[in-house]
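Student: below is the structure, and that's it, no one-letter string:
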Ligand code: NDP
Ligand code: HSE
């Protein structure tokens with residue numbers, strides 16, 4: 001059989017990893033795919049990289065349009081990143097009848113609806129396993145392995161850089177900028193690392209997981225997003241005293257009122273497996289009505305772990321190339337005509353428990369004022385810590401865990417608490433999830 005000819009866009013971290021693993025494991029991969037897979041054409045601005053990788057037979061260009069327009073290329077593997085040029089190239093590749101594999105979650109989260117429609121009209125496949133949770137085959141699991149289930153909720157640590165930073169800073173007291181620089185050197189971070197730190201990358205990934213779980217079009221703009229930049233060592237320590245770890249979590253949940261779709265720092269009980277996922281590792285827990293809880297764990301970023309997912313997609317595409325397009329696995333798990341526009345709930349309507357920390361004057365009556373404000377909004381306190389004032393200070397830290405409450409009510413309560421003369425500065429609030 002003729003080999004499948006791949007056009008590779010980009011020889012950065014993931015591009016180099018993909019070329020390396022494709023060459024190293026060529027024989028095993030061919031035994032699985034049923035055909036040789038051959039990197040035929042590479043778009044790179046650095047020809048020396050291709051030579052160093054051993055891509056000696058591949059044609060090279062610094063003009064990516066040459067690759068997507070080349071009639072000999074069967075499949076385009078997009079590893080440039082970004083959502084402008086990459087989008088134009090993918091749309092053109094699809095229009096030219098080529099299958100596409102990408103690790104680009106920003107592109108899928110922002111433009112996937114349009115890209116999938118174009119691919120379906122043309123009868124080609126768009127595969128994007130590497131876009132979510134690096135090397136973990138979580139899209140495969142959710143889209144195929146769990147297709148019997150109604151997904152009740154899913155929650156995951158889905159940004160390797162962020163989890164690496166949190167782990168190194170908070171467990172080893174390392175400096176933020178220093179750890180971020182290391183994550184960049186290791187090839188974990190996005191081209192713009194604020195995507196990692198401010199939760200945007202995790203929001204891209206959660207948007208994709210949520211659509212696959214609930215059969216909705218991709219709704220990135222509706223994903224509530226908070227990053228890790230405001231987590232402090234003292235909150236981590238207090239959370240630990242209460243039996244929790246703080247993680248940056250992406251969570252999608254089906255409720256009677258709509259879908260919750262949110263990424264933010266979260267207190268998770270230390271007894272949960274996911275609370276103990278550290279460094280660049282990611283994990284996604286999925287609760288299905290039939291299967292119950294399942295957990296997927298592995299490296300969330302890096303050259304070869306991500307290449308593992310990219311190449312699994314290449315093999316899948318090769319296997320399905322000759323299948324009737326109607327018999328392929330739909331891009332978002334559900335048949336395109338059966339996607340529903342279920343509402344994503346505004347964050348004010350979401351119900352969670354909260355961790356609250358505030359600095360208050362150490363005098364009688366203050367606590368009574370705070371509990372009155374909470375009580376007026378039906379907010380019950382589940383646990384409470386009060387610390388001794390630091391030497392020469394009259395204010396003390398008080399820390400509370402509340403029961404579940406509508407976020408809008410909590411916002412009102414915090415607004416009123418911050419008005420109290422005895423409360424200094426802002427109230428820190430972090431959502432709490434029991435994942436049960
Ligand atoms: P890199 O920045 O390391 O690689 C991108 C490569 O594309 C660079 O070598 C760059 O070349 C090249 N490139 C960009 N534009 C052009 C162009 N017009 N012509 C030729 N070459 C071009 O990024 P990553 O490999 O880390 O990421 C690639 C994609 O994979 C992104 O979408 C990312 O989100 C995703 N991803 C990354 C993971 C990771 O662990 N790094 C994990 C999962 C997904 P040059 O250096 O010359 O600019
Ligand atoms: N920057 C991303 C991360 C790469 O750190 O998770 C993997 O998607």
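Tutor: Looks like it came in fine. Quick caveat: nothing in here was measured; it's all calculated off a predicted structure. Numbers count the residues shown, from 1 in each chain. Ligands and ions are numbered 1, 2, ... in the order given.
Student: quickly find the element holding residue 408.
Tutor: Using DSSP states H and E, residue 408 falls within helix 407-419.
Student: also compute the angle for the following helix or strand past that helix relative to helix 407-419, please.
Tutor: Sequence-wise, the next helix or strand downstream of helix 407-419 (DSSP H and E) is strand 423-432. Here strand 423-432 runs at an angle of 160 degrees relative to helix 407-419 (axes from the mean of the first three to the mean of the last three CA atoms, to 10 degrees).
Student: and the contacts of strand 423-432?
Tutor: 230-232, 235, 239, 244, 246, 264-268, 352-361, 366, 370, 395, 401, 410, 414, 417-418 (CB atoms under 8 Å, 6 or more residues apart in numbering). For glycine as for every other residue, the C-beta is placed from the backbone atoms N, C-alpha and C.
Student: of these, buried ones?
Tutor: Neighbour-count burial (16 or more other CB atoms under 10 Å) is assigned, among the contacts of strand 423-432, to 231, 235, 239, 244, 246, 264-268, 352-361, 366, 370, 395, 401, 410, 414, 417.
Student: which ones among the residues you listed lie within helices?
Tutor: Taking DSSP state H, the ones among those that sit in helices are 235, 239, 366, 370, 410, 414, 417.
Student: where does pLDDT dip in the stretch 51-200 of the chain?
Tutor: Low-confidence regions of the stretch 51-200 of the chain, defined here as pLDDT under 70, do not occur.
Student: would you map the helices across it?
Tutor: Ranges of helices within the stretch 51-200 of the chain are 64-68, 85-95, 105-122, 138-140, 160-172, 176-185, 194-197, 200-214, based on DSSP state H, counting those that start in this stretch.
Student: and the ones you listed: which comes nearest ligand 2?
Tutor: When the helices of the stretch 51-200 of the chain are ranked by proximity to ligand 2, the top entry is helix 160-172, at 3.3 Å, counting by CB to the nearest ligand atom.
Student: how about the residues of the stretch 151-300 of the chain by ligand 1?
Tutor: Contact residues (CB under 6 Å from any ligand atom) of the stretch 151-300 of the chain with ligand 1: 187, 188, 190, 191.
Student: how many residues are close by the last one?
Tutor: Applying the criterion other CB atoms under 10 Å, we find 11 residues in the vicinity of residue 191.
Student: nearest residue to it other than its sequence neighbours?
Tutor: Distances taken as CB to CB, 6 or more residues apart in numbering place residue 81 nearest to residue 191, at 5.6 Å, with adjacent residues excluded.
Student: follow-up on the earlier one: can you add distance to residue 103 and give the residues of the stretch 151-300 of the chain next to ligand 1 back as a markdown table?
Tutor: Listed next are these as a markdown table, based on distance: CB to CB, whole Å:
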| residue | distance to residue 103 |
| --- | --- |
| 187 | 12 |
| 188 | 13 |
| 190 | 11 |
| 191 | 13 |
